[in-house]
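Novice: Next input, structure requested:
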Amino acid sequence: MRNWKNCLHKNKNNAFSQKEKKNNRKQCGYIGMYFIVAIVLCISSVLASLCLGTAKLTLSDLKVAVVQGADSGVAGRIFWYSRLPRTVACLLSGAALAVSGAVIQGVLGNKLASPSIIGVNSGAGLAVTVCCAIGSISGWVIAGAAFCGALCSVLLVAVTAQKIGASKTTVILGGVAVNSFFNAASEAITTLVPEAGVQSADFRVGGFSAVSHIRLIPAGVLILVGLLLIFTLCNELDVMALGEHTAQGLGLSVKKMRTVFLGIAALLAGASVSFAGLLGFVGLLVPHAARKLVTNESRRLLPFCAIAGAAFVTVCDLASRLLFQPYEIPVGILMSFLGGPFFLFLLLHKQKEEM
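Specialist: Residues are numbered from 1 along each chain as shown. From the prediction side, this is the model:
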């Protein structure tokens, strides 16, 4: 009788195990499909960005421009000096801001956190405004200053929250206060130094109409380095997301890794801000959508955020160019129209969960 019960229990466990394996395979299949869709969307947005605009280019024009260079005619000059830098800037900034947002949310344990909300972008923006005011417009100088400004901002929020034991909501409110302070400081500098205001007018709104190789190349190098670093630390980020006490119990140096992760997030956000300006809500919208599709596991979440963020910003920039032709609105305005209502929706949804 006992053997019969043991066999029955074993068969039930095997059935549940097989069902769980089947569900896991099914989930992996969906995740793979989401990755394929994101990659296809990203490639399509890149081709559309290169071809569409005030002057339309065909795929044949692109081929000739790539083969013969900028001397291939008007199409070649448009491709090499305007469309290609702008498209690359969209891809880099979108990937950097989305991954930075996912990392900040994981480290701070707050899904409402993002570089634009807790003051990371505004810290980088203040540093760039100071560079414009003193006349330092070198690409490496601006990229480095933006990283330092972003790092100071994110560390200020994180350290303050840790010292006072702030709740997740208080962290966001503290970030909003830091954001307001840095924005006020930037406005004060542009008022006292009008030349800095002229140089950083597009920057404060956020957009790619004035992107140049001088700022793009140094920042692009920093972004690629930051992405490579964070992709190698996916396991540690997952452990950090379990909470401080659990992570310490598993042998992780929490303070050290928190500083490393926030430093990489600041590097990504600051480098992006140095050439794209104060683009908002990319680091909030994309990670939330990514978690719904590919789960919270970092080795899946971060690459998906990079691909989806690059595609999202490229599509938004393309829309800002085409919707109101012959006029062009800065892509930062369009993103604010999309991100503002989404942030309010998240606040209301979180309030309902806490009730």
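Novice: so what's Thr170 scoring on pLDDT?
Specialist: Note on Thr170: pLDDT of 67.
Novice: Under the pLDDT cut-off, which ranges of the stretch 151-300 of the chain? List them.
Specialist: 161-171, 196-203 (pLDDT under 70).
Novice: can you give me the helices in it?
Specialist: 168-192, 194-199, 201-205, 213-231, 234-240, 244-249, 254-276, 282-294, 298-322 (DSSP state H, counting those that start in this stretch).
Novice: Using CSV, write out every CA atom in the fourth one.
Specialist: Extracted C-alpha coordinates of helix 213-231, given in CSV (Å, rounded to 0.1, in the frame of the first residue of the first chain):
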residue,chain,number,x,y,z
HIS,A,213,30.4,64.2,-34.6
ILE,A,214,32.3,66.3,-32.1
ARG,A,215,29.9,65.3,-29.3
LEU,A,216,28.6,62.0,-30.7
ILE,A,217,31.8,60.1,-31.0
PRO,A,218,33.2,60.5,-27.4
ALA,A,219,29.8,60.0,-25.9
GLY,A,220,29.2,56.9,-28.1
VAL,A,221,32.4,55.4,-26.8
LEU,A,222,31.4,55.9,-23.2
ILE,A,223,27.9,54.4,-23.9
LEU,A,224,29.3,51.3,-25.5
VAL,A,225,31.7,50.8,-22.6
GLY,A,226,28.9,51.3,-20.1
LEU,A,227,26.6,48.8,-21.9
LEU,A,228,29.4,46.2,-22.1
LEU,A,229,30.1,46.6,-18.4
ILE,A,230,26.5,46.3,-17.3
PHE,A,231,25.8,43.2,-19.5
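Novice: how far is that helix from where the chain is centred?
Specialist: How far helix 213-231 lies from its chain's middle: 13 Å, per Cα atoms, centre = their mean, to the nearest Å.
Novice: Equivalent analysis for the fifth one, please.
Specialist: In this view, helix 234-240 has its centroid 18 Å away from the chain centroid, taken as Cα atoms, centre = their mean.
Novice: how close does the closest residue to Leu57 other than its chain neighbours get to Ile214?
Specialist: Distance criterion Cβ to Cβ, 6 or more residues apart in numbering; nearest residue to Leu57, sequence neighbours excluded, is Cys51 at 4.9 Å. For every residue, glycine as well, the C-beta is placed using N, CA and C. Distance, Cys51 to Ile214, using Cβ to Cβ, to the nearest Å: 26 Å.
Novice: Name the residue in those two with the higher neighbour count.
Specialist: Using other Cβ atoms under 10 Å as the criterion, Cys51 and Ile214 rank with Cys51 on top: 17 against 14.
Novice: ok, Gly125 - contacts?
Specialist: 146, 149, 182-183, 186, 203-204, 273, 277-278 (Cβ atoms under 8 Å, 6 or more residues apart in numbering).
Novice: let's see 6 Å
Specialist: Gly125 is in contact with 186, 273, 278, counting by Cβ atoms under 6 Å, 6 or more residues apart in numbering.
Novice: Secondary structure element for the residue lying closest to the first one once chain neighbours are set aside, which one?
Specialist: Ranked by Cβ to Cβ, 6+ apart and with sequence neighbours excluded, the top spatial neighbour of Ser186 is Thr129, at 4.5 Å. Under the criterion of DSSP states H and E, Thr129 resides in helix 120-134.
Novice: Just want the angle from that helix to helix 282-294.
Specialist: Orientation check (axes from the mean of the first three to the mean of the last three Cα atoms, to 10 degrees): helix 120-134 against helix 282-294 gives 150 degrees.
Novice: How about helix 120-134, which residues are buried there?
Specialist: Residues 120-133 are the ones in helix 120-134 that count as buried (16 or more other Cβ atoms under 10 Å).
Novice: and which of these is nearest to Val40?
Specialist: Asn121 (29.5 Å; Cβ to Cβ).
Novice: surely that closest one meets Gly277?
Specialist: No - in this structure Asn121 lies outside contact range of Gly277 using Cβ atoms under 6 Å: 8.9 Å.
Novice: thinking again about what came up before, so the residue nearest to Leu57 versus Val294, what's the distance?
Specialist: Cys51 is 30 Å from Val294, by Cβ to Cβ.
Novice: do Lys63 as well
Specialist: Taking Cβ to Cβ, one finds Lys63 at 34 Å from Val294.
Novice: more crowded one of the two?
Specialist: Taking other Cβ under 10 Å, Lys63 and Val294 do not tie; Val294 has more neighbours (23 against 11).
Novice: Contacts only, for that one.
Specialist: 31, 34, 300-301, 304.
Novice: farthest-separated two in those residues?
Specialist: Most distant of these, by Cβ to Cβ, are Tyr34 and Leu301, 11.4 Å apart.
Novice: And these two? Which one has more around it.
Specialist: Between Tyr34 and Leu301, counted using other Cβ under 10 Å, Leu301 has the larger neighbour count: 24 against 18.
Novice: what's the pLDDT at the more buried one?
Specialist: For Leu301, pLDDT reads 94.
Novice: and what of the one 4 residues further on?
Specialist: The score at Cys305 is 95. That number is its pLDDT.
Novice: now it: how far from Ser114?
Specialist: 12 Å.
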